[in-house]
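>>> I'd like to go over a predicted model; first the sequence, then the structure.
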Amino acid sequence: MSLKVGGAEIIGVVLPGDEILQFNPDVNKERICIGPGLRWEDNVVRATKPGILKKTTKKLYYVDTHQKRYIPQRREFVIGIVLKKKGDYYTIDIGGSEQATISYLSFENASKKTRKEMKPGDLIFGQLLVANKDMEPEMVCIDTYDRAVGMGSLPEGGIMFNVSLHVARLIVNPENPFLLNISKKVQYAIVTGFNGRVWVKAKKQSDMVAIMNCILMLEVMTLKEANDNVFKVFESFSRHGLK
Amino acid sequence: MAKHACQLNFLSRSDGSALYSIGNTVALASVNGPGEVKKSNRHYNRSHLEVCYSPSTGQSMIGERTLESVILHTVEQVILVHLHPRTATNVTIQEMQSDGLALSTSVNATCLALLDAGVQMKSPFAAVTCCLTPSGTIIIEPTEAELKESEALATFVFDGQALNVLSAHQEGCLDSENFYACLRKCQTAAKDVLNFYRRIMEEKYSSDKSYN
């Protein structure tokens, strides 16, 4: 079965150890790219994770897995929790196996004199500059041109909750029909990290909880089912509000 | 062969979990990791593995330690530990109901919990238990009552690629002829178990195939 959605072709469900294709760089001149969940060993590409094997138009193969544990990857956007200040650095919990660090200078308009002050428990949204298996991850809140482009510490008054990583990847797109459907009901701001943390802010506390419940529905439902249920969730919340 | 059944993601808070049953034996496995590790268990080149088996009643004794070590040695061969240095991966198994197949049920539960968690592995693995009756017949996946009557019992764990033996556990005496007969029978049964895994995983990802 092959289905084309969103630029990636779905090949099928694979289990670890399944042979995806034979690839010998001496014979096969056409290059392929191997994404997450695949390994190339003895001229054979095999899966290492269970999930859905996908292929993009640029011959990139990868396995889309349902996972709860975050493994830091370079360039990914994550939401971190400030743990403590350590000299010129803050230690940040990003949900990985190790704590990440961020320099107080890697914020927009920060200098040695106007340093960024944060206290333990603050949330920050940033990008991983360094993330590999042998090194401690490092976060930054600026891009290569020293601009914030939406990164930085998250304002007070929002709520943060955890979802599975595949749900986070699903709602990272602001044009997502599900998020647009919620926005018909209530005005809100949402920040999604690839580490499965989602931060939501709306005017009313009950609206934020309703949005949270809507997003948590995606854990057990398909996008379409969840879309149909958004109305019900909001209705139940407004009914409780009247009491 | 006894009936296999499985429910994935049974525990909401662990990274991966599976409730697995073979016949009347039920085990619940939960996997956490690769995550934070104690300093004493930190390896510079590999993930630290830990298996903990808790019986349905009473304290964990020497018998449970045997199960733990068999499972640990199996899992060690399969997980790609070198991909996550300075981390720990924990497997916890809770015996829910016992009917003689504690080892094979917990090994299979562990495998599905690992698949549910998305831990990087070389291949899945499947355990099959069989016993030899005094009359010389081999029963695949016997019940507790059948085990009491039998002369010997053997459990084999096979990998998913070439059905190679990852570990073997035996109680009682088996001559080489019977041992190989048991091995071959278990190997055939393991294929069904692996097909069962595939069905479970396809079910898990079935909703994703049609969307996004």
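That came in fine, so what should we check first?

>>> could you list the low-confidence segments of chain B?
Counting by pLDDT under 70, chain B has low-confidence residues at B:209-212.

>>> does the most centrally placed residue in it count as helix, strand or coil?
Taking Cα atoms, centre = their mean, the centroid of chain B lies closest to B:Val107, which sits 1.0 Å from it. Three-state call for B:Val107 (DSSP: H, G, I helix; E, B strand; the rest coil): helix.

>>> so who does it touch?
Counting by Cβ atoms under 8 Å, 6 or more residues apart in numbering or on different chains, B:Val107 touches B:Val70, B:Ile71, B:Thr74, B:Phe125, B:Ala126, B:Ala127, B:Thr155, B:Val157. C-betas here are computed from N, CA, C, even on glycine.

>>> go on, B:Cys52?
So B:Cys52 contacts B:Ser60, B:Glu68, B:Asn90, B:Val91, B:Thr92, B:Ile93 (Cβ under 8 Å, 6+ apart).

>>> ok so it is a helix residue?
No - secondary structure assignment (three-state DSSP) places B:Cys52 in strand, not in a helix.

>>> run through the bridge partners of it.
Beta-bridge pairing for B:Cys52 (DSSP bridges): B:Thr92.

>>> count of neighbours near A:Leu128?
Number of residues near A:Leu128 (other Cβ atoms under 10 Å in any protein chain shown) recorded here: 23.

>>> does it touch A:Ile79 like I think?
No - using Cβ atoms under 8 Å, A:Leu128 is not in contact with A:Ile79, being 11.7 Å away.

>>> which neighbours do those two share?
In contact with both A:Leu128 and A:Ile79: A:Ile94, using Cβ under 8 Å, 6+ apart.

>>> quick check: closest non-adjacent residue to the residue nearest to the centre of chain B.
Distances taken as Cβ to Cβ, 6 or more residues apart in numbering or on different chains put B:Ala127 closest to B:Val107, at 3.7 Å, once the chain neighbours are dropped.

>>> would you agree that neighbour is in contact with B:Gly160?
No - the criterion here is Cβ under 8 Å, and B:Ala127 misses it with B:Gly160 at 12.0 Å.

>>> what residues does chain A put near chain B?
A:1, A:3, A:5-6, A:10, A:12-13, A:15-17, A:37, A:39, A:48-52, A:64-69, A:71, A:97-98, A:133-134, A:166, A:170, A:222-224 (Cβ under 8 Å from any Cβ of the partner chain).

>>> can you tell me how far the residue nearest to the centre of chain B is from chain A?
Distance of B:Val107 to chain A, given as Cβ to the nearest Cβ, to the nearest Å: 16 Å.

>>> equivalent analysis for B:Phe158, please.
For B:Phe158, the distance to chain A equals 12 Å [Cβ to the nearest Cβ].

>>> so which helix or strand takes in that residue?
B:Phe158 belongs to strand B:152-159 when assigned by DSSP states H and E.

>>> do the next helix or strand after that strand and chain A meet?
As assigned by DSSP H and E, the chain's next helix or strand after strand B:152-159 is strand B:165-171. No - counting by Cβ under 8 Å from any Cβ, chain A has no neighbours in strand B:165-171; the shortest distance is 12.4 Å.

>>> tally of neighbours for residue 127?
Picking chain A for this. 20.

>>> try again with chain B
As a measure of burial, B:Ala127 has 30 neighbours, counting by other Cβ under 10 Å.

>>> how about A:Val191: which residues does it bridge to?
A:Trp199.

>>> pLDDT score for it?
With respect to pLDDT, A:Val191 scores 96.

>>> next one: A:Thr57
87.

>>> residues near it, how many?
Around A:Thr57 there are 9 residues (other Cβ under 10 Å).

>>> nearest residue to it other than its sequence neighbours?
A:Gly7 (6.2 Å).

>>> are any of the residues of chain A next to chain B buried, and which?
Taking 16 or more other Cβ atoms under 10 Å in any protein chain shown as the criterion, what is buried in the residues of chain A next to chain B is A:10, A:13, A:15-17, A:37, A:39, A:48-52, A:64-69, A:71, A:97-98, A:166, A:170, A:222-223.

>>> one step back: can you tell me which of the residues of chain A next to chain B are in helices?
A:His166, A:Leu170, A:Leu223, A:Lys224 (DSSP state H).

>>> nearest to chain B among these?
Using Cβ to the nearest Cβ, A:Leu223 comes nearest to chain B of these, at 5.2 Å.

>>> so that closest one makes contact with A:Leu170?
Yes - with contact defined as Cβ under 8 Å, A:Leu223 reaches A:Leu170; the gap is 7.1 Å.

>>> domain-wise, how is chain A divided?
Domain assignment of chain A by automatic domain parsing yields the ranges A:3-64, A:77-153, A:159-242.

>>> tabulate the ones you listed (a markdown table), appending distance to B:Ala18.
A markdown table is the format used below for the domains of chain A (distance: least, Cβ to Cβ, whole Å):
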| stretch | distance to B:Ala18 |
| --- | --- |
| domain A:3-64 | 12 |
| domain A:77-153 | 22 |
| domain A:159-242 | 16 |
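
>>> nearest to chain A: which residue in chain B?
The nearest approach of chain B to chain A comes at B:Ser123, 3.0 Å away (Cβ to the nearest Cβ).

>>> that residue - nearest residue in space that isn't next to it in sequence?
Counting by Cβ to Cβ, 6+ apart, the residue nearest B:Ser123 is A:Gly17, at 3.0 Å.

>>> for that neighbour, which residues are in contact?
The neighbours of A:Gly17, taking Cβ under 8 Å, 6+ apart as the test, are A:Arg46, A:Ala47, B:Met121, B:Lys122, B:Ser123, B:Pro124, B:Asp159, B:Gly160, B:Gln161.

>>> how far off centre is the host helix or strand of B:Gln77?
Element membership of B:Gln77 [criterion: DSSP H and E] is helix B:62-78. Here the centre of helix B:62-78 is set off from its chain's centre by 9 Å, with Cα atoms, centre = their mean, to the nearest Å.

>>> which other helices and strands contact that helix?
strand B:48-54, strand B:88-97, helix B:102-117, strand B:125-132, strand B:152-159, strand B:165-171 (3 or more Cβ pairs under 8 Å, 6 or more residues apart in numbering or on different chains; DSSP states H and E).

>>> what residues of the second one count as buried?
For strand B:88-97, the buried set under the neighbour-count rule, 16+ other Cβ under 10 Å, comprises B:Ala88, B:Thr89, B:Asn90, B:Val91, B:Thr92, B:Ile93, B:Gln94, B:Glu95.

>>> what residues are up against the fifth one?
If I follow you right, that is B:Thr92. B:Ser14, B:Ala29, B:Ser30, B:Val31, B:Asn32, B:Val51, B:Cys52, B:Ser54.

>>> report the secondary structure state of the second one.
This means B:Ala29. On the three-state scheme (three-state DSSP), B:Ala29 is labelled strand.

>>> contacts only, for it.
Contacts of B:Ala29 by Cβ under 8 Å, 6+ apart are B:Ser17, B:Ala18, B:Tyr20, B:Val91, B:Thr92, B:Ile93, B:Gln94, B:Ser106, B:Ala109, B:Thr110, B:Leu112, B:Ala113.
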